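Trainee: A predicted structure for the sequence below; I have some questions about it.
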Amino acid sequence: GAGVSQTPSNKVTEKGKYVELRCDPISGHTALYWYRQSLGQGPEFLIYFQGTGAADDSGLPNDRFFAVRPEGSVSTLKIQRTERGDSAVYLCASSLSGRDTQYFGPGTRLTVL
Amino acid sequence: KQEVTQIPAALSVPEGENLVLNCSFTDSAIYNLQWFRQDPGKGLTSLLLIQSSQREQTSGRLNASLDKSSGRSTLYIAASQPGDSATYLCAVTTSGTYKYIFGTGTRLKVLA
């Protein structure tokens, strides 16, 4: 079956612009995670959704970052007023339920110039 | 605050060798631990999930062990192959939270 997909695969933007990153989880997976990964580092937790609700958003670095999952499937990570330090690979993962085996998408590489 | 450490950061071995990768965590009140592999430029692939009540899990040539009291997990790879070359990451979630904390990974190279 289809795995987790993320679009776009690459996004180049200018400092100060707004970006949206999309994640399509595996059908039927109620849990969805967003992570950010910098070169040479492990993924850093951003936010966890259980169904439509953000059950834990403690990893969002500041109020420029926001994520939604309105129908409990597709999720969008939104970043306002992008900064160069936001450049990283943004990874999405889904699982049948929270704390279950996670299935990762290929990631979106965000570059802020 | 949970911290996860993986040593060594990089490892190079000849094909056929058995090897052990290490993962240490500071808070022993974990719910479960997952091992992943990551190929360059790709997302992560789950290898094994080990619950806090388990001592080990096996999948093919891979065996993961867990010692909660000492805050350690090891991933044993038998008869390594060049296709095993990748970065191996461990991640833990603590009881009472759904947040996973990752180590920085061990970059493995298996030489043909």
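Mentor: It's in.

Trainee: Tell me the bridge partners for the nearest residue to A:A55 once chain neighbours are set aside.
Mentor: Distances taken as Cβ to Cβ, 6 or more residues apart in numbering or on different chains put A:Y48 closest to A:A55, at 5.3 Å, once the chain neighbours are dropped. Backbone N, C-alpha and C define where each C-beta goes, glycine included. Beta bridges link A:Y48 to A:Y33, A:D56, judged by DSSP bridges.

Trainee: Quick one: neighbours of A:Y48, just the number.
Mentor: 26 (other Cβ atoms under 10 Å in any protein chain shown).

Trainee: Could you do B:R107 as well?
Mentor: Counted with other Cβ under 10 Å, B:R107 comes out at 18.

Trainee: What strand or helix carries it?
Mentor: Using DSSP states H and E, B:R107 falls within strand B:106-111.

Trainee: Mind listing what's buried along that strand?
Mentor: Buried positions in strand B:106-111, judged by neighbour count with 16 or more other Cβ atoms under 10 Å in any protein chain shown: B:106-108, B:110.

Trainee: Specify which member of the residues you listed is nearest to B:V4.
Mentor: Among those, B:T106 lies closest to B:V4 (Cβ to Cβ), at 12.0 Å.

Trainee: A:L46 contacts A:A67, doesn't it?
Mentor: Yes - the pair A:L46 / A:A67 is scored as a contact, 7.4 Å apart, by Cβ atoms under 8 Å.

Trainee: which neighbours do these two share?
Mentor: In terms of Cβ atoms under 8 Å, 6 or more residues apart in numbering or on different chains, A:L46 and A:A67 are both contacted by the residues A:34, A:57, A:60, A:77.

Trainee: phi, psi of the third one?
Mentor: When read as degrees, to the nearest 10, the backbone of A:L60 gives phi -60, psi 130.

Trainee: who's in contact with it?
Mentor: A:L60 neighbours (Cβ under 8 Å, 6+ apart): A:46-47, A:66-67.

Trainee: Can you say which of those residues are buried?
Mentor: By neighbour count, with 16+ other Cβ under 10 Å, those hold A:46-47, A:67 as buried.

Trainee: which residue is nearest the middle of chain A?
Mentor: A:W34 (3.5 Å; Cα atoms, centre = their mean).

Trainee: Find me the pLDDT at the closest residue in space to it that isn't next to it in sequence, would you?
Mentor: Of all residues not flanking A:W34 in the chain, A:L46 sits nearest, at 4.2 Å (Cβ to Cβ, 6+ apart). Looking at A:L46, its pLDDT stands at 98.

Trainee: what's A:L46 sitting at in phi/psi?
Mentor: phi -110, psi -60.

Trainee: how about it, what does it touch?
Mentor: A:L46 makes contact with A:33-36, A:57, A:59-61, A:65, A:67, A:77, according to Cβ under 8 Å, 6+ apart.

Trainee: on that earlier part again, gap between the residue nearest to the centre of chain A and A:C23?
Mentor: A:W34 sits at a distance of 7 Å from A:C23 (criterion: Cβ to Cβ, to the nearest Å).
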